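Q: please find the sequence and the predicted model below.
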Amino acid sequence: MFADVALDLRMPLIAVLPLENYERFFKGAALRDYRRLVRRAQIVELKGSGDPQHAFFEAGKYIVSASDLLIAVWDGEQAEGLGGTGDVVKYAQEQRRGIVHLNPCTEAISRL
């Protein structure tokens, strides 16, 4: 949703791809959306290798490092594996980045 809004507003869209063949993690409609958005984005390929979870976390850290403000759509729960949203939010807090937390479960919006 954020990517589509950014494109509608003519904002640049940057897709950070954590590892080669990243699209293998998507199926069905999500894969179609991924391909559609990647065609319109500036691509940053991190080319992580080995454990995908480690590559996901490295991509999250890259995004935090490149951002002044992180907008986290997050249920507030611990990450199920390394590199989940909870890990990225914790990293952003450690880096003293501004964070806006949008909780889709409670519909609450807060600053962390």
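A: Noted; the coordinates are in hand. Residues are numbered from 1 along each chain as shown.
Q: buried residues in the helix or strand containing Val64?
A: Val64 belongs to helix 52-65 when assigned by DSSP states H and E. Counting neighbours by 16 or more other Cβ atoms under 10 Å, one finds that the buried residues in helix 52-65 are 52-61, 63-64. Any C-beta I mention is one placed from the backbone N, CA and C, and that applies to glycine too.
Q: what's the closest of those to Met11?
A: When those are compared for distance to Met11 (Cβ to Cβ), Ile63 comes out closest, at 15.4 Å.
Q: wait, doesn't the closest one sit right on Thr85?
A: No - with the criterion set as Cβ atoms under 8 Å, Ile63 and Thr85 do not qualify as a contacting pair; they are 11.2 Å apart.
Q: got the residue ranges for the helices in the protein?
A: 2-8, 28-40, 52-65, 85-94 (DSSP state H).
Q: give me the mean pLDDT for the last one.
A: Spelled out, it's helix 85-94. Average pLDDT, helix 85-94: 96.
Q: in it, what's buried?
A: With burial defined by 16+ other Cβ under 10 Å, the residues of helix 85-94 counted as buried are 85-89, 91-92.
Q: got it, and the shortest one?
A: Residues 3, 6 are the ones in helix 2-8 that count as buried (16+ other Cβ under 10 Å).
Q: what's it packed up against?
A: helix 28-40 (3 or more Cβ pairs under 8 Å, 6 or more residues apart in numbering; DSSP states H and E).
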